[in-house]
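> Test case, fold it:
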Amino acid sequence: MSWISKTFTSSIGRKIIMALTGLFLCSFLVVHLIGNLQLFKHDQGAAFNVYSHFMGTNPIIRTIEWGLVLGFGFHIYEALMLTRRNKAARGAQGYVSNHSEQNSEWTSRNMGILGTIILIFLIVHLYNFFWRARFAGNLPKMGGADPLTSDYDNLYMAVVSSFHIWWYVLLYVAAQISLGYHLWHGFRSGFQTLGLNHRKYTPAIKYVGYTFAVVVSAAFAAMPLYFFLFTDAQGELATNAPALLHSVAAAF
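Sure, this is the predicted structure:
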């Protein structure tokens, strides 16, 4: 076995892969969030559908998607291998009362559970939107007078429909809460694993990681809650929605 294989199959090697893929996936979350914010535009989903069509047909984006798939795959696989190795190591020690709850944070001890919730959501989410848009071919078209966009898939209505299903909204919000905790721990741990740990800069990294985790997860969770609570079946603000929401929607 070469030194490369030995390095990246060791615990520290797996942690490095976890850190690099995790930080890469953080960049994806930012791009994905910015695109999904188009859902809040008061234009019957036109901006979101144009964005979705671009992401689904642009050859550069389609190529980057393969890197994203590999990033997810390596991140999930290495997480499973590390969890398995850690459990085996604890089992080999026999009965030892080490009071792990006193020596580590809740997020650190439950990263496996949080990751599992996110993985379940990801499977459902990809099937509901990605699979239907790319392979099923059963989405309605935008229609309208503009010949450039009339044949685009109306993914916006698929989103609206899904965000009016109570259990899907519940799963979505639970996944975003899990994602927030996952990011909170993973962001700072990733920098620490890569050796970027300094008395002067570590507090700032922790603060940025905490802010990033809260903002990203809260923004994603706001989307299904907004549509479920304040819009009708067409994605328009319901007549009983608060006046403030009508004012915000009008600003877009």
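> buried residues in the helix or strand containing residue 203?
Using DSSP states H and E, residue 203 sits within helix 202-230. Residues 205, 209, 212-213, 216-217, 220-221, 223-224, 226-228, 230 are the ones in helix 202-230 that count as buried (16 or more other Cβ atoms under 10 Å). Quick note: C-beta positions are derived from backbone N, CA and C, even for glycine.
> what does stretch 138-151 give?
139, 142.
> Ok, stretch 184-201 next?
Neighbour-count burial for stretch 184-201 flags 184, 185, 186, 187, 188, 189, 190, 191, 193 (criterion: 16+ other Cβ under 10 Å).
> what pLDDT does the last one get?
Turning to residue 193, the model gives it a pLDDT of 76.
> In contact with it, which residues are there?
Going by Cβ atoms under 8 Å, 6 or more residues apart in numbering, residue 193 touches 12, 15, 16, 18, 19.
> And the residues you listed, which of them are buried?
Buried, going by 16+ other Cβ under 10 Å: 15, 16, 18, 19, out of the contacts of residue 193.
> Find the residue closest to the residue nearest to the spatial centre of the chain in space, skipping its chain neighbours.
Nearest to the geometric centre of the chain sits residue 29, at 5.7 Å (Cα atoms, centre = their mean). Leaving aside its sequence neighbours, residue 29 sits nearest to residue 216 (Cβ to Cβ, 6 or more residues apart in numbering; 5.5 Å).
> quick one: that neighbour and residue 184 touch, right?
No: proximity of residue 216 to residue 184 does not meet the contact threshold set by Cβ atoms under 8 Å, at 10.4 Å.
> gap between the two ends of stretch 148-165?
Terminal residues of stretch 148-165 lie 32 Å apart, using Cα to Cα, to the nearest Å.
> So which bits of that stretch are buried?
152, 153, 154, 155, 156, 157, 158, 159, 160, 162, 163, 164.
> which residues touch the second one?
Spelled out, it's residue 153. Residue 153 sits next to 49, 52, 53, 56, 133, 139, 140, 141, 142 when contact means Cβ under 8 Å, 6+ apart.
> Appreciated, that's everything.
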